[in-house]
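> A structural model of the following input is requested.
(chains A and B)
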Amino acid sequence: MPNHYPVHKTILDNGLTVILKEMHHAPVISFMIWYRVGSRNEVPGITGISHWLEHMMFKGTPNFPGSQLDRMISREGGYWNAFTWLDFTAYYETMPAGRIDLALRLEADRLQNALITPEETESERTVILSERSMYENDPRFCLSEELTAVAFRVHPYHHEVIGDEADLRNMTHADLLRHYRRYYAPNNAIIVAVGDFATAEMLARIKSLFGAIPPGEPLPPIVRQEPLQRGERRIMLHGPADAAYLTHAYRAPAADHADYFVLTLLNAAFAGGSSLGMFGGAGSNKSSRLYKALVETDLAAAAYGSLGPTRDPFLYTISAVARHGRSLTAVEEALDAELTRLETNPITAAELAKALKRAKAEFVLVGESITGQAQLLGMAEAVVGDYRWFEDVLARLSSVTLDDIERVRHTYLRKSARTVGWYQPNGML
Amino acid sequence: MPNLTYPGPETIQHYTLTNGATLLVYENFASDSIALNGLVRAGALLDPPDQDGLALFCANLLLNGTQQRSFGEIYEALESVGASLEFSSGLHATEFSAHALAEDFPLIVELLAESLRMPTFPAQQVELVRGQILTDLQIRANDTRHVASVAFRELLYPNHPYGRASEGRMKTIAAITQADIQAYHARAFGPQGMIIVLAGAVRGAEAATRLQNVLGDWQNPQQTPLPEVPDMARPETTYRAHIALSDKSQTDLILGLPGPRRAAPDYLDAKLMNTILGVFGMMGRIGENMREKRGLAYYAYSHLQGSLGPSPWLASAGVAPEDVAEATEAILQEIARIQEELVPAAELADSQSYITGSMPVGLETNSGLASVLTDIALYDLGLDYLQRYPDLIWQVTPERVQAAAQKYLSTTQIAIASAGP
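Purely as a prediction, here's the structure:
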């Protein structure tokens, strides 16, 4: 079974973390490099810089010119991409096993020698602004952006990964270069390789390509933690839309906190989302309390809960799209009533057992793909600093009790520490 | 030379249920999971003229109540084991896909059979789903990409079944009754032409027995065969439409023409043409022209569907409103270039290498396998198709790509639709 192969973790002398996992069911390898830098590491004036830098990394290096990189990867039958999130920026190549060396050489090179020219920076500025415009066309993005900004006054989680438009217009080439040199260093990076290779051979190749890269300066910790929230915050947006959206955002624990997995199961039992508390794999939630209270009653067209792993405390959100003709007032009343019922009728043993069985299935189904495995291992290492956070997830979930669930509900689902956002179509009061 | 590392007649088991339904099984014990895909020939082509969205409405209700289980019981069963089972409707078929632990395969089979054969369409569920579809239509009405695609479809396929709104319209969805849906199910759903594909950790013989037990005796003498879809002539000139959506910050642009059917002898020539134009590397020549040369779009790509009818070849881009003209020009420029100049052999080889080299990646998971095998059954490509495929791709020449470009593309007879401010 793919999940039964052991994981090997090594830290090279220059601080580079290497995580390797063999999987031999298909002649495919996924190679990833994660940098511990994301929107969390940005300050006003350069918001969005981590994501912009991710785009610049596709411009290549003197040895791997950007215009040829896509072709080189595609020609070998591989695909590659990258993503930037709050706490990390990650790059990956998934390729036929015999062709993976290209990915290693490319990533070792662009860790040090990325071509970030003033001309390419300007050309990419248009692309990034266009990407932001695309997001702004979506009411859910607009609501999430405003809501997060209101929930985080101090902590850098307050701005979106894409960045504020003002910063995207004014950031300079020098800013991008500085960000690159500061954060793209082996001691701030994690390599993950999963797939059809021999561990010793892969490790030797990684050492020969990455081992001599000098480490960068140690990075200062992020110290601007969010102060205690004193009272509910509410925002109201109006804009172009044909449906109304509601989000409740509660403060969630960081991924390395013992309560994180408890809240994950509470969300799975209440809202029916992912039982693993990672990316994807959530499936439907039509037998959940939330769905029954909001969607089966004809108030909402959809309702879901969302929780993801983050280095610092972020948000647990419950969202709904009002059904045509229903008001957000009615939707929110029903949601609050259901949350009150959660106090008087706590999660039952049967509901907890169901959430747990879902977690087990999700673990197998998400872990089926080589790229999926690489992403989960890398995320655990990048966010929590330990890939075993993913490997051991089922054991941790299994130890959660009903008392834990009730305590966590009481601690985190507090009206007085939540932020509520409404997005109303223009013309609707 | 056939490539025997890929699934083929030696490893794909082919069964026929007693009612004629096709079952393909690919055993894969790498993971404790199964993927079950397939389709019945109940497509939106059977929607009556004034009932756009009927097939979709029906598909969205299949799991909302059967003679054996209520909506709540169905989803309690599925979600309790972390399994998924979904239906989606298209023009030519209602498709299903399921993903579950192997131990829950029997449950998936039972639910599939119940929902296909004995859905009850409870009145309350009809209203619930109606509301969801209406809300979805409203959300889409404000989505530039969707609005542009509707405008494109209407420009390109006037008086043709492909021009119709299979996603429904506010008016038609509001008017469809429970009786309409029941009648549609009675005439559209049946085992004729049904395809079932299983990939995963279940033995073929066991899979065949289970599926035969619950589906083998399904008969429907009233099942209406789907009509043949006529060819569609390309536009007589350039057809343009712009749908104004004020307050939006980006414009979505789609342009294209009717493409080859999947069964067309030059389909793979057209596929390579499309890969070169808008897929290979970072969205092919179009992506490079728009994104790298002009810094224009966040996304720009081209797509070739290839179906039972003349589905389109199209290029699509999201750009700033002031850049629409330049983006259109960039795409037309690439169309002209691939028609006029032979693709350099090395550039063609890149795309051939990409298509053949990426096969193991696409076939890595059970879901990927099941999806590819469904297409093989649907388009009758033969169980050895994956083994022959690399050769078929490598046999395409620059001349064949150019011939496909001249046959299927045009810079002056093309539909151009946009939606945005």
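
> Contact distance from chain A - what residues of the stretch 201-350 of chain B qualify?
With CB under 8 Å from any CB of the partner chain as the criterion, the stretch 201-350 of chain B meets chain A at residues B:245-250, B:280-282, B:288, B:291-292, B:295-299, B:318-320, B:350. To be clear about C-beta, it is placed using only N, CA and C from the backbone, and glycine gets the same treatment.

> And stretch A:234-254, what's buried?
A:235, A:237, A:240-254 (16 or more other CB atoms under 10 Å in any protein chain shown).

> chain center to the one helix or strand A:V18 maps to: distance?
A:V18 is part of strand A:17-22, with elements assigned from DSSP states H and E. Remark: strand A:17-22 is offset 20 Å from the chain centroid, using CA atoms, centre = their mean, to the nearest Å.

> Give the next helix or strand downstream of that strand.
Defined by DSSP H and E, the subsequent element after strand A:17-22 is strand A:28-35.

> Report the distance from that following strand to the chain centre.
Averaging C-alpha positions (CA atoms, centre = their mean) puts strand A:28-35 16 Å from its chain's average.

> got the contact list for residue 300?
As the question left the chain open, I've gone with chain A. Contact analysis of A:A300 by CB atoms under 8 Å, 6 or more residues apart in numbering or on different chains lists A:L294, A:A320, A:V321, A:A322, A:R323, A:R326, A:V331.

> The intended chain is chain B.
Going by CB under 8 Å, 6+ apart, B:A300 touches B:278, B:283, B:286-287, B:290-291, B:315-319, B:327, B:331.

> same thing but at 6 Å, please
Residues near B:A300 by CB atoms under 6 Å, 6 or more residues apart in numbering or on different chains: B:M283, B:I286, B:G287, B:M290, B:A317.

> same check, this time on A:I370
Under the criterion of CB under 6 Å, 6+ apart, the neighbours of A:I370 are A:M23, A:V28, A:S30, A:V194, A:G195.

> Now narrow the residues you listed to whatever sits close to chain B.
A:V28 (CB under 6 Å from any CB of the partner chain).

> for the contacts of A:I370, which one is nearest chain B?
A:V28 (5.2 Å; CB to the nearest CB).

> And the pLDDT for the closest one?
For A:V28, the pLDDT comes out at 92.

> Pull the number of nearby residues for it.
For A:V28, the neighbour count with other CB atoms under 10 Å in any protein chain shown is 28.

> how about A:S319, what does it touch?
Contact partners of A:S319, counting by CB under 6 Å, 6+ apart, are A:T247, A:Y304.

> Let me know the pLDDT of it.
pLDDT, A:S319: 96.

> any idea what it is structurally, helix, strand or coil?
For A:S319, the assignment made with DSSP: H, G, I helix; E, B strand; the rest coil gives strand.

> Spatially nearest residue to B:W313 (excluding sequence neighbours)?
Among residues not flanking B:W313 along the chain, B:G259 sits closest, at 3.9 Å (CB to CB, 6 or more residues apart in numbering or on different chains).

> Please report the distance of that neighbour from chain A.
Look at B:G259 and chain A: by CB to the nearest CB, to the nearest Å, they are 22 Å apart.

> In helices only, show me the residues of the stretch 201-350 of chain B next to chain A.
Judged by DSSP state H, these include B:F280, B:G281, B:M282, B:D350 as members of helices.

> In contact with the spatially closest residue to the first one that is not a sequence neighbour, which residues are there?
In space, and not counting its chain neighbours, B:F280 is closest to B:S351: 4.8 Å by CB to CB, 6+ apart. B:S351 is in contact with B:L272, B:T275, B:I276, B:F280, counting by CB under 6 Å, 6+ apart.

> if you set the cut-off to 10 Å instead, what comes out?
Residues in contact with B:S351, defined by CB atoms under 10 Å, 6 or more residues apart in numbering or on different chains, are A:71, A:74-75, B:271-277, B:279-281, B:284, B:343, B:393, B:396, B:401.

> pLDDT value on it, please?
So, for B:S351, pLDDT stands at 95.

> Just the pLDDT at the residue of chain A found nearest chain B, thanks.
Here the residue of chain A nearest chain B is A:G77; by CB to the nearest CB that distance is 1.9 Å. Here, the pLDDT recorded for A:G77 equals 88.

> How many residues are close by it?
Residue crowding around A:G77 was assessed by other CB under 10 Å; the count is 22.

> What of B:A241?
Neighbour tally, B:A241, other CB under 10 Å: 15.

> next one: the one 4 residues further on
Neighbour count for B:L245, taken as other CB under 10 Å: 20.

> which residues touch it?
Contact analysis of B:L245 by CB under 10 Å, 6+ apart lists A:137, A:240, B:141-144, B:147-148, B:251-252, B:419-421.

> Counting neighbours, which of the residues you listed end up buried?
Buried by 16+ other CB under 10 Å: A:N137, A:P240, B:A141, B:N142, B:D143, B:T144, B:V147, B:A148, B:T251, B:D252, B:A419, B:G420, out of these.

> which of those residues lies closest to B:T365?
B:D143 (29.5 Å; CB to CB).

> and the contacts of A:A300 near chain B, which?
By CB under 10 Å from any CB of the partner chain, the members of the contacts of A:A300 lying near chain B are A:V321, A:A322, A:R323, A:R326.

> so where's the stretch 1-150 of chain A uncertain?
Within the stretch 1-150 of chain A, the ranges that satisfy pLDDT under 70 run A:1-4.

> Which stretches in it count as helices?
Using DSSP state H, counting those that start in this stretch, the helices of the stretch 1-150 of chain A run over residues A:49-56, A:66-75, A:101-113, A:118-136, A:139-151.

> Highest mean neighbour count out of these?
helix A:49-56 (a mean of 23; mean count of other CB atoms under 10 Å in any protein chain shown).

> by contact count, what packs against that one?
Here helix A:49-56 touches strand A:28-35, strand A:79-84, strand A:89-96, helix A:118-136, helix A:165-170, helix A:173-183, going by 3 or more CB pairs under 10 Å, 6 or more residues apart in numbering or on different chains; DSSP states H and E.

> Find the residue at the geometric middle of chain A.
The centroid of chain A falls nearest to A:W85 when counting by CA atoms, centre = their mean (5.3 Å).

> Now that residue: closest residue in space, sequence neighbours ignored.
A:W85 sits nearest to A:G38 (CB to CB, 6+ apart), 5.3 Å away.

> so what's the one you found up against?
Neighbour list for A:G38: A:50-51, A:54, A:83-90, A:156-157, A:161, A:183, A:310-311, A:382-383 [criterion: CB under 10 Å, 6+ apart].

> And those, which of them are buried?
Those of the contacts of A:G38 that meet the buried threshold are A:50-51, A:54, A:84-90, A:156-157, A:161, A:183, A:310-311, A:382-383, by 16+ other CB under 10 Å.

> Which stretches in the stretch 301-421 of chain B count as strands?
With DSSP state E, counting those that start in this stretch as the criterion, the stretch 301-421 of chain B has strands at B:312-319, B:415-420.

> by how many degrees do the last one and helix A:118-136 diverge?
Which is strand B:415-420. With axes from the mean of the first three to the mean of the last three CA atoms, to 10 degrees as the basis, strand B:415-420 and helix A:118-136 are set at 80 degrees to each other.

> Output the contacting helices and strands for strand B:415-420.
Here strand B:415-420 touches helix B:144-156, strand B:239-244, strand B:251-258, strand B:312-319, helix B:324-340, going by 3+ CB pairs under 10 Å, 6+ apart.

> which parts of the longest one are buried?
Along helix B:324-340, these residues count as buried under the neighbour rule (16+ other CB under 10 Å): B:V324, B:A327, B:T328, B:A330, B:I331, B:L332, B:E334, B:I335, B:I338, B:Q339.
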